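Participant: What follows is a predicted protein model with its sequence.
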Amino acid sequence: MRKTMIVTIVSIIFLLSLEIIGTIPLGSSSAKDPIENDQNIIFIEPTQLHHNEKMDYGLIMAGAAANQITPDLSTQSPIFIGGFGRNRVATGIHDDIWSRCCVVQIGNTTIAFISVDLIGVMYPEYQRIMSYLDENTSIDLVVLTSTHNHEGPDVIGLWGKAIWSGISWDWYDGALSIIADTIKEAYENMKPAGIKLAHAIALGMSRDSREPIIMEEQVETIQLVDYDEQVIATMVCYASHPEVLWDENTLISSDFPHYIFEHIEETIGGTTLFIQGSIGGLITPRTQNHSYESAKDFGKSIADISINSLYNSSIIWETHVRLETKEIFVPMTNPVFRIASILNILDRPLYNFRKDLKTSVNIIELGEDASLLQIVTVPGEDFPENWFELKEKMHAKHRIHIGLATDELGYIVPIEDYNPKDYEESMSASKYLDPLIHQTLENMLTLF
């Protein structure tokens, strides 16, 4: 214990000294601007960064699976709950947390959508999950998104006791393996299918707690059905923090998504996924109180909006598909996150002289000339302002933003609105997430 404290103190002193002499800018106002001064490092496209693009056309197949990733509190305690304040230890289980997957194949191109009831799976753990997929699971793109659940185990490390990581690796190692198994099972369950697309407005269901008041209130739904029109999977895409239960709750739960799963599966069958949207800013449920009853009312309302929107949707049995995935570097400008990373409180490697994080963005387009559906995936909690700016440049009938996808870099604050004294900025890995991520996505999309 004493040795750990000495290493911690020495590391902090060393980092602060580097900031003073300017070797590693930690995000202070006097630090050099990485965008202006280090373009050769930040914007370089090293050959080791993954970049892939694929186009196809054909009939559709789909499969789904779901597995519990709930910790066993009798053998894996303490489990620190991720979200709100530190040192919130789980005392029981209210409802299970899940990994839920839908695999879609169009022609010879296969995409897996997997949603987990966690606060945010980071890129190194995403890569671990990918390494567990064997050669018999031939998938071109895995879009793993976290619901951003604030009532599940800490998987980032920020919510433990004192200065120590809150991750319980006894549980998390097994959960990552289960997530990979869920993808494999969904892949093995594929059969001929069709796609239904729908959208509707969830007016007034959530609120924006930061000015300007801008929210994505649309509920987008992607549903896969078999040739008998029985539901295989329903993906409900909506932007709101799963934090109805708030910080006094100490029971493991998936919050309001639990009731989305329950209601849709009881009503129309299949496997249901909740896909998180642009929740930065901060978008949170508008509820009367922080009770399980409020979470149930909220979840069932979103579920009903999704179900009702599908009634007049036609089924697409074959289509065009284009996908593109790209790894990028972003500079770590948050001084607290940088120190936490170096001290292994955040389990996150840094690159380019310990300056940069590595992450990825993806696009998926359906229909001829991307006329049917355009999806962008963003590795964090994107502000709606950013999403609407990009959305206006897209042209598909259905346009979907998948947040916390393949990574969780925190809030993606519009660069022109960035204020280091605000809460969202304190929970953002970098000031430069907005321009680096959204310019990359814009360059990848089919735009007219």
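Facilitator: Good, I have the coordinates. Numbering: from 1, shown residues only.
Participant: The longest strand along the chain pairs with which strands?
Facilitator: Counting residues, the longest strand found in the chain (DSSP state E) is strand 51-68. Partners of strand 51-68 in the sheet, by DSSP bridges, are strand 98-106 (antiparallel), strand 191-201 (antiparallel), strand 318-331 (antiparallel).
Participant: Only C-alpha atoms, please: export the first one in PDB.
Facilitator: Extracted as PDB, the C-alpha positions of strand 98-106 are listed here (Å, rounded to 0.1, in the frame of the first residue of the first chain):
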ATOM      1  CA  TRP A  98     -27.300  -7.700 -20.800                       C
ATOM      2  CA  SER A  99     -25.300  -8.000 -24.000                       C
ATOM      3  CA  ARG A 100     -27.800  -8.000 -26.900                       C
ATOM      4  CA  CYS A 101     -26.800  -8.500 -30.500                       C
ATOM      5  CA  CYS A 102     -28.300  -8.500 -33.900                       C
ATOM      6  CA  VAL A 103     -26.200  -9.600 -36.900                       C
ATOM      7  CA  VAL A 104     -27.300  -8.500 -40.400                       C
ATOM      8  CA  GLN A 105     -25.800  -9.900 -43.600                       C
ATOM      9  CA  ILE A 106     -26.500  -8.200 -47.000                       C
END
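Participant: any idea of the mean pLDDT for that strand?
Facilitator: Throughout strand 98-106, pLDDT has a mean value of 99.
Participant: just stretch 203-220 next, same as before
Facilitator: For stretch 203-220, the mean per-residue pLDDT is 96.
Participant: Could I get the buried residue list for that stretch?
Facilitator: Going by neighbour count (16 or more other C-beta atoms under 10 Å), the buried part of stretch 203-220 is 205-206, 208, 210, 214-220. Where you see a C-beta, it was placed from the backbone N, CA and C, and this is true even at glycine.
Participant: where does this protein dip in pLDDT?
Facilitator: Counting by pLDDT under 70, the chain contains low-confidence ranges at 1-48, 448.
Participant: What separation do you get for the residue lying closest to residue 329 once chain neighbours are set aside and residue 348?
Facilitator: Spatial nearest neighbour of residue 329, excluding adjacent residues (C-beta to C-beta, 6 or more residues apart in numbering): residue 356 at 4.1 Å. As judged by C-beta to C-beta, to the nearest Å, residue 356 and residue 348 stand 11 Å apart.
Participant: between these two, which one's more packed in?
Facilitator: Using other C-beta atoms under 10 Å as the criterion, residue 356 and residue 348 rank with residue 348 on top: 23 against 20.
Participant: Would you confirm that residue 263 belongs to a helix?
Facilitator: Yes. The assignment for residue 263 (DSSP: H, G, I helix; E, B strand; the rest coil) places it in a helix.
Participant: Once you drop chain neighbours, what's closest to it?
Facilitator: The nearest residue in space to residue 263 (C-beta to C-beta, 6+ apart) is residue 303, at 4.0 Å.
Participant: Helix, strand or coil: sort out that neighbour for me.
Facilitator: Three-state assignment for residue 303 (three-state DSSP): helix.
Participant: Next up, the contacts around it.
Facilitator: Shown in contact with residue 303 (C-beta atoms under 8 Å, 6 or more residues apart in numbering): 236, 259-260, 263-264, 267.
Participant: returning to that earlier point: pipe the buried residues of stretch 203-220 into TSV and attach distance to residue 152 per row.
Facilitator: Converted to TSV, the buried residues of stretch 203-220 look like this (distance: C-beta to C-beta, whole Å):
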residue	distance to residue 152
205	22
206	20
208	24
210	24
214	28
215	24
216	23
217	25
218	26
219	23
220	24
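Participant: quick check, nearest of the residues you listed to residue 148?
Facilitator: Nearest to residue 148 among those, counting by C-beta to C-beta, is residue 206 at 13.0 Å.
Participant: Cool, thanks, talk later.
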